[in-house]
Structures are given as C-alpha cells and as structure tokens.
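> here is my input; please provide its structure:
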Amino acid sequence: SRSAMSKQFETNVFGMLDFTNRFIPVFRAQGAGRIVLLSSVLGRVVIPFMGAYCASKFAVEAMGDVLRLELGLAGISVSIVEPGPIRTNFRRRVVSEAARGLEVKDSVFAAHYAKELTEPVRTYSRPTDVFTKPPEAVAERILHALESRRPRTRYPVTGAAWFGDIAARFLPARLRDRILRSKVIGKEVG
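Here you go, the predicted model:
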C-alpha cells in the first residue's frame, strides 16, 4: 500500500538523507570525511512480497552512488554496507510489521502471505545458521569503511549478501527472476 511504501521511504531513505546532509557541510569545510550508508543487497536484487523495502533500499543504493560521485572531489568517501541476514530480531519485527501493513485478503497471494506471516520466523534467528552472521560482522565492515586508507564502495557482509551482489552484477534479469520466483513463490499461483 502507499502508506507502507511511504513509511519505508521515510525511515530508510529520507531519514538517512537528512542525517547525512547534516555532516556534508562539515566534511566539505575540513576537506575530508567518510559517509557510510546502511543498505541491503535487496537494493540491487529484489525478492517477491518485499516491494516497499526493496524500493527503499534501491533508493539508498542510488543515493550512495550519487553522493560518492558528487562528493569524491571534495575528499569525502561514501561506502555502502549491505548486511544480509544478521542474528538480531530485525526479521521478526519486519514480519510483524508486514502483517499489520499488508492488505492481503483479496490478493492472489493470500495463501502465501498467510503462511509467511503466521509461521514462526526461524531461518535468520538461529545462532548456528550458516547464512547468518552476528552483528559484530556488520560493525567490522563499518569500521573498515571509516578507517581504511582506501575504503570500498560496497561491503556485502553475509554469504547471502555476497551471492546477491554477484547475482545483481552477472546474472541476466530473466534468469534471476526465474530463480527467485521458484524459490519464493513456487507454484502457488498459476
């Protein structure tokens, strides 16, 4: 819905932009600075049923790329950190928020939504899950972006983020679509 999209953009894009804009004049005046934006690989590879989140993260990715181009000559570096699944309660909160914000009753995906939003969220919260990393892994990438002599433009953190990065750069869009559709949607809708 429009309100769900608006809320995502207020938090993920405009809030980050407002915060970042407060530092740019200071960095310009001192002739150097570091900006680190927290994004998501879902800002480069989308998955079904997370349109508002993915769209907001695409905006963050574009904002980071543009800021890097515009501010680079002023000695200001811009890096984007793409965490992926991290062992926190974030996914649980996202699912809970989605359950409140989605209008699913008349959707052709109603069965999928019901399954996803009522099943306990286990995948990204198990401490032994090979696809997740602890929050410290994100902190390490942020620290590298802030302290490195040559910070990277992007920092994928988890294996899922690395895979998404590779998929975004090298897989044709139709093949990505087919893979993601089969993994996420399956054969629920004909």
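> show me what contacts the residue nearest in space to the middle of the chain?
By CA atoms, centre = their mean, the mean C-alpha position of the chain lies nearest to residue 40, the distance being 1.9 Å. Residue 40 is in contact with 53, 57, 60, 82-84, 161, counting by CB atoms under 8 Å, 6 or more residues apart in numbering. Bear in mind the C-beta positions are built from the backbone N, C-alpha and C, glycine included.
> which of those residues fall in strands?
When the contacts of residue 40 are checked against strands (DSSP state E), the matches are residue 82.
> which single one of the contacts of residue 40 is nearest to residue 14?
Distance to residue 14 across these (CB to CB) is lowest for residue 60, with 10.5 Å.
> what's the spacing between the closest residue to that closest one other than its chain neighbours and residue 14?
Nearest non-adjacent residue to residue 60, counting by CB to CB, 6 or more residues apart in numbering: residue 39, 4.3 Å away. From residue 39 across to residue 14, the span is 14 Å (CB to CB, to the nearest Å).
> who's more crowded, these two?
With other CB atoms under 10 Å as the criterion, residue 39 and residue 14 differ in neighbour count, and residue 39 comes out ahead with 25 against 13.
> can you map out the helices along this protein?
Here the chain has its helices, by DSSP state H, at 2-9, 15-30, 51-71, 90-101, 110-118, 135-147, 159-170, 173-180.
> of those, flag the one that's most buried.
The highest average neighbour count among those, using mean count of other CB atoms under 10 Å, belongs to helix 51-71 at a mean of 18.
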